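[1] could you work out the structure for the sequence below:
(3 chains)
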Amino acid sequence: MTVALSGEEIASQIEEHFPGSIAESSQQSLVVDKEFLLVAATYLKTTPGLDFDYLTSITAVDYYDYFEVIYQLTSLQHNHSLVVKTRYYGRDNPTLPSVVGLWQGADFQEREIYDLMGVSFEGHPNLKRIFLWEGFKGHPLRKDYL
Amino acid sequence: MAIKTEPFVINIGPQHPSTHGVFRMRLTLDGEVIIDVEPILGYLHRGIEKLAEGRTYTQNIPFTDRLDYLASMSNNLAYVLAVEKLAGTPVPERAEYLRVIMAELQRIASHLVGVGAFLNDCGAFMTPFLYMFREREKILDLFEMVCGQRLTYNYMRVGGISQDVPEEFLPALKKFVLQMPGFIDEYDQLLAENEILLARAKGVGILPRELAINTSASGPVLRASGVKWDIRKADPYSIYDRFEFDIPTGNFGDCYDRYRVRIQEMRQSVRILKQAMEQLPQGEVRSDVPHLIRPPVGEAYGHIEAPKGELGFYLVSDNSIAPYRFHIRAPTLINLTALRDMMIGWKVADAIIIFGSIDICLAEVDR
Amino acid sequence: MSIFNPSLNLFNCYLEALPPDWPGGFWLHLGLFVVIILAFVLAMIMGFIWFERRGIGRFQVRLGPNRVGPFGLLQPVADAIKILIKEDIIPAKGDKWVHWLAPVVAFVPALMIFAVVPFQDGALLADLNIGILYVVAISSVSVVGIFMAGWGSNNKFSLIGAMRTVAQAVSYEIPVVLSIIGVVLIAGSLSMNEIVKAQSIPFILLQPLGFLIYFIGACAEINRTPFDLLEAESEIVAGYHTEYSGMKFALFYLVEYTEVLAVSAIITTLFLGGWRGPVLPPVLWFLIKVVAVFFLIFWVRSTIPRIRVDQLMAFAWKCLLPLALINLFITGIEVVVLPEALPWTIIFLNLAIMAVLIVLWSKFFRLGGGRVEV
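    Modelled structure (predicted):
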């Protein structure tokens, strides 16, 4: 059984190393400040005992006030999982750091989020629309796109 | 004197006999050697994720049929599992068993098409493909018996399945389960040790273990690279913890391993089917669920081991009758991430079989 | 006289009724055989297409076409009508003349091969004393037509297909010719008719390795599976004829089957004793053997996957060519040193040599290369 690690415990570990990086945490998930996303992700991937080597999925949700990007992380080695979130407040040109450097599997998924949700990822090697064509106006999965 | 050459760009697809749909690859070639690959997707994008936000939880089940249309039952299962996780709906015992039976039958059917198409891409002129379709037809007959459909089943419901199986289903299933191992042996004899197939597929399109994990590959693609990771074992959903089966893995992560892993998985599926048939209890097949499900505010990620990889549904509920966010973790889209690394340096002919060995379904990639 | 009397020459009896020095005899012979060859080729191809589709249907656990006419016999006719009334499309940026001429250039040489194929003793259009050399020369010309098609279409798939064909034809010509020389050495003649007459024992027994090399090489030259790279459906769509439709496509289709028929006829003549055989009339024997060889070819087609282009080249140069040379060398020695030896001794000797060589090569020979660093 994949053990879902407690968001609170991991959050306190991260907070210890990078003070001010955790915005919120609960049993199910933890929300990382977007400035600290990359360092926190690197910490999660490389710390022995955590070893989140497998990025299961990335998705984004539009909550009007902010965009939330959700990273489902799994460690194949220890068979445990964690949900990490990060938020961007505001609707104009949301930008978050890209995790492609850590998990190559984020490549297409970040492009998909960019295409459909309009969240840019800084540091992505090939950030282009993936499903819709170049020149398409708007981002269909945003709640204000009708 | 060196001859001046320039790279040669060819478009494979979107209309091409072996792109398994409307996939397009821009290959940059140096002679016949591939020096760059750019997959171009989206020809079948229907915006299912957006459409689903405007429909009720139950109305969304038919959408999932139209993702990977070669494995509709698995898609149904993944979605209803996610909704059940979100709403906390109980599922009757008998329904759980029937779900597992359908999902495993579907896995066999999907692998039959995957392996057949792979061998066809190797140039075996339809023969293995049609042999595999012969058994796939039998599985489709079984599905038709239980839900009246042969491709888009719409069989699972939140809290169970749409209807119990008819009387003649179990004898037919029993017959199929008894016959199937013999047919799998037959497929093995067809081409498994064929010299040409070995020359074409062995060592071709290697996906190393580290890269497979790093690119989030899943399903047979991940297992062929030597990672023993199967969600049915690692995170048993439904009632998979009650069955005995092995996880076949490959050693090198080449096209041949991916082909072998699929064949082995079919054998394991037959094993699960046998056990599920024996243990199948009597009883209800559907718990009491309101027509309009209003799950509490929250979010849930339900995932299963679909034939092509980890299929996950990420649902966000705002306590209305429709999901607030409906995200599909499409295994085949993510498996394609490693395509470029696997193809570079090989020849055009290899590109086709490497692509074929990933076994994708464009309806799921593009959604 | 019965038609089943093998001594009766069905084809040339008309000449015996005429004065031997009648000047029209040559033209009568020529005209008659042109008609016979055209009718033979077209009828056989129709039959082959039906036979292959039904046969492959059985191999693939399905029925094959069975709706048009009894047992689907009229299916090729229906297909032909369908294909002939289709629109003829010429690519806008293609080389119009080359595109137009290509099917003709490919078809004519394929048909010309039959000029020297003996249907019966002396029953052939032209009994050239260099018959087999003529076959080798003519059959290479088809490649020009295919390359013209690839070039004239202005399509990258066509061009790749055409390039593959040229490379393939050039490579496989050599083992094919070398294996033919073995037969010529034993028969002591280049004339097709004389080669058949020399076969009191079919040469497949005396030249088992030569037969294998010729069969594989010929399959490669006519682009049948496992060497159908130039029209590898799963890779380059339809290869050189991607841009062809209607009548011109039909011609290419015809070329493909004419070449198969030609190869079947040549294998029959060179290795299987041509029209020779007991009881049945010679023409019938010839037909039976041709169909048997054709059956073998499409059996292979429906069974084996396709090999890759570099593996194809490696196979020709590293496997077939040395084997063909060794075969030629051994045959030469046998012809010179053991001319009076019992045929059975030579047959067993050759079979043993073939087995040893094939095992040796399969141990040490590896197909093609791997990944190229870029």
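
[2] okay, now residue 45: neighbour count?
    Picked chain A for this. As a burial measure, residue A:45 scores 19 neighbours (other C-beta atoms under 10 Å in any protein chain shown). No exception for glycine: its C-beta is placed from N, CA and C like everyone else's.

[3] right idea, wrong chain: chain C
    If we define neighbours as other C-beta under 10 Å, then residue C:45 has 19 of them.

[4] what's the answer for residue B:51, then?
    The burial count for residue B:51: 14, using other C-beta under 10 Å.

[5] what strand or helix carries it?
    Residue B:51 is part of helix B:48-52, with elements assigned from DSSP states H and E.

[6] can you check residue B:299 too?
    If you go by DSSP H and E, residue B:299 is part of strand B:298-306.

[7] check what pLDDT the closest residue to residue B:168 other than its chain neighbours gets.
    Nearest non-adjacent residue to residue B:168, counting by C-beta to C-beta, 6 or more residues apart in numbering or on different chains: residue B:145, 6.7 Å away. pLDDT for residue B:145: 89.

[8] and for residue C:2?
    pLDDT recorded at residue C:2 is 40.

[9] for the residue nearest to residue B:168, what are its contacts?
    B:165-166, B:168-169, B:172 (C-beta atoms under 8 Å, 6 or more residues apart in numbering or on different chains).

[10] do that again at 10 Å, thanks
    Contacts for residue B:145 (C-beta atoms under 10 Å, 6 or more residues apart in numbering or on different chains) come out as B:165-169, B:172-173.

[11] how about residue C:240?
    Residue C:240 touches C:102, C:106, C:145-153, C:155, C:157-165, C:223, C:230-231, C:252, counting by C-beta under 10 Å, 6+ apart.

[12] pretty sure residue A:39 is touching residue A:18, no?
    Yes - counting by C-beta atoms under 10 Å, residue A:39 touches residue A:18, with 5.7 Å between them.

[13] overlap of the contact sets of the two?
    With C-beta under 10 Å, 6+ apart, residue A:39 and residue A:18 have common neighbours residue A:32.

[14] which of the contacts of residue C:240 fall within strands?
    Using DSSP state E, the subset of the contacts of residue C:240 located in strands is empty.

[15] out of the residues you listed, who's near chain B?
    Among the contacts of residue C:240, proximity to chain B is found for C:155, C:157, C:159-160, C:163-164 (C-beta under 10 Å from any C-beta of the partner chain).

[16] what score does residue C:370 have for pLDDT?
    At residue C:370, the model reports a pLDDT of 63.

[17] typo on my end, residue C:207
    pLDDT for residue C:207: 82.

[18] with adjacent residues omitted, what lies nearest to residue 44?
    All of this is about chain A. The spatial neighbour of residue A:44 that comes closest, neighbours along the chain excluded (C-beta to C-beta, 6+ apart), is residue A:52 at 4.6 Å.

[19] that's the wrong chain, I wanted chain C
    Spatial nearest neighbour of residue C:44, excluding adjacent residues (C-beta to C-beta, 6+ apart): residue C:261 at 5.4 Å.

[20] got a list of what that neighbour touches?
    C:40-41, C:44-45, C:47-48, C:110-111, C:113-114, C:117, C:222, C:290-291, C:293-294.

[21] now the helix or strand where it lies: mean pLDDT?
    Assigned by DSSP H and E, residue C:261 belongs to helix C:246-271. Here helix C:246-271 scores 86 as its mean pLDDT.

[22] do the same with stretch A:129-146
    Stretch A:129-146 shows a mean pLDDT of 85.

[23] give me every residue that touches the closest residue to residue B:342 other than its chain neighbours.
    Distances taken as C-beta to C-beta, 6+ apart place residue B:205 nearest to residue B:342, at 4.5 Å, with adjacent residues excluded. Contacts for residue B:205 (C-beta under 10 Å, 6+ apart) come out as B:253-258, B:338-339, B:341-343, B:346, B:350-351, B:353-358, C:371.

[24] which ones among those are found in helices?
    Judged by DSSP state H, the subset of those located in helices is B:255-258, B:339, B:341-343, B:350-351, B:353-358.

[25] and which of those residues is nearest to chain A?
    Within those, proximity to chain A (C-beta to the nearest C-beta) peaks at residue B:341, which comes in at 8.4 Å.

[26] measure the closest one to residue B:253 for me?
    From residue B:341 across to residue B:253, the span is 11 Å (C-beta to C-beta, to the nearest Å).

[27] quick one, strands of the chain?
    In the absence of a named chain, chain A is used. With DSSP E applied, chain A shows strands at A:3-4, A:22-25, A:29-32, A:54-62, A:66-75, A:80-89, A:95-97, A:120-122, listed in chain order.

[28] wait, I meant chain B there
    With DSSP E, the ranges of strands along chain B come out as B:8-12, B:24-30, B:33-40, B:156-157, B:160-161, B:298-306, B:309-317, B:325-329.

[29] switch these over to CSV; also include mean pLDDT and mean neighbour count.
    CSV is the format used below for those (pLDDT from 0 to 100; neighbours: other C-beta atoms under 10 Å in any protein chain shown):
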stretch, mean pLDDT, mean neighbour count
strand B:8-12, 83, 16
strand B:24-30, 85, 17
strand B:33-40, 86, 18
strand B:156-157, 88, 26
strand B:160-161, 86, 24
strand B:298-306, 88, 23
strand B:309-317, 89, 26
strand B:325-329, 89, 25
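
[30] so which of those gets nearest residue C:197?
    Closest of the strands of chain B to residue C:197 is strand B:33-40, at 51.1 Å (criterion: C-beta to C-beta).

[31] just want the angle from that closest one to strand B:24-30.
    Strand B:33-40 runs at 160 degrees relative to strand B:24-30, counting by axes from the mean of the first three to the mean of the last three C-alpha atoms, to 10 degrees.

[32] packing partners for strand B:33-40?
    With contacts taken as 3 or more C-beta pairs under 10 Å, 6 or more residues apart in numbering or on different chains; DSSP states H and E, strand B:33-40 sits against strand B:8-12, strand B:24-30, helix B:339-343, helix B:348-358.

[33] got TSV for those, with distance to residue A:140 too?
    Output for these, formatted as TSV (distance: least, C-beta to C-beta, whole Å):
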stretch	distance to residue A:140
strand B:8-12	26
strand B:24-30	21
helix B:339-343	25
helix B:348-358	27
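
[34] closest to residue B:65 out of the ones you listed?
    Ranking the helices and strands packed on strand B:33-40 by proximity to residue B:65 (C-beta to C-beta) places helix B:348-358 first, at 22.1 Å.

[35] can that closest one be found next to chain C?
    Yes - Helix B:348-358 lies within reach of chain C by C-beta under 10 Å from any C-beta, at B:348-353, B:355-356.

[36] out of those residues, which are buried?
    Among those, those classed as buried by 16 or more other C-beta atoms under 10 Å in any protein chain shown are B:348-353, B:355-356.

[37] looking at the contacts of residue C:240, which are in helices?
    Using DSSP H, these in helices are C:102, C:106, C:145-152, C:157-165, C:252.

[38] just checking, residue B:16 touches residue B:24?
    Yes - look at residue B:16 against residue B:24 with C-beta under 10 Å: they come within range, at 8.2 Å.

[39] which elements pack onto the helix holding residue B:51?
    Using 3+ C-beta pairs under 10 Å, 6+ apart: helix B:48-52 touches helix A:106-117, helix B:61-65, strand B:309-317, strand B:325-329, helix B:362-366.

[40] now the last one: how far from the chain's centre is it?
    A distance of 11 Å separates the centroid of the chain from that of helix B:362-366, by C-alpha atoms, centre = their mean, to the nearest Å.

[41] now do the longest one
    Relative to its parent chain, helix A:106-117 has a centroid offset of 11 Å by C-alpha atoms, centre = their mean.

[42] that one near chain B anywhere?
    Yes - with C-beta under 10 Å from any C-beta as the measure, helix A:106-117 is seen reaching chain B through A:106-109, A:111-113, A:115-117.

[43] can you check the pLDDT for the residue in chain A positioned nearest to chain B?
    In chain A, the residue that lies nearest chain B is residue A:105 (2.6 Å; C-beta to the nearest C-beta). pLDDT recorded at residue A:105 is 85.
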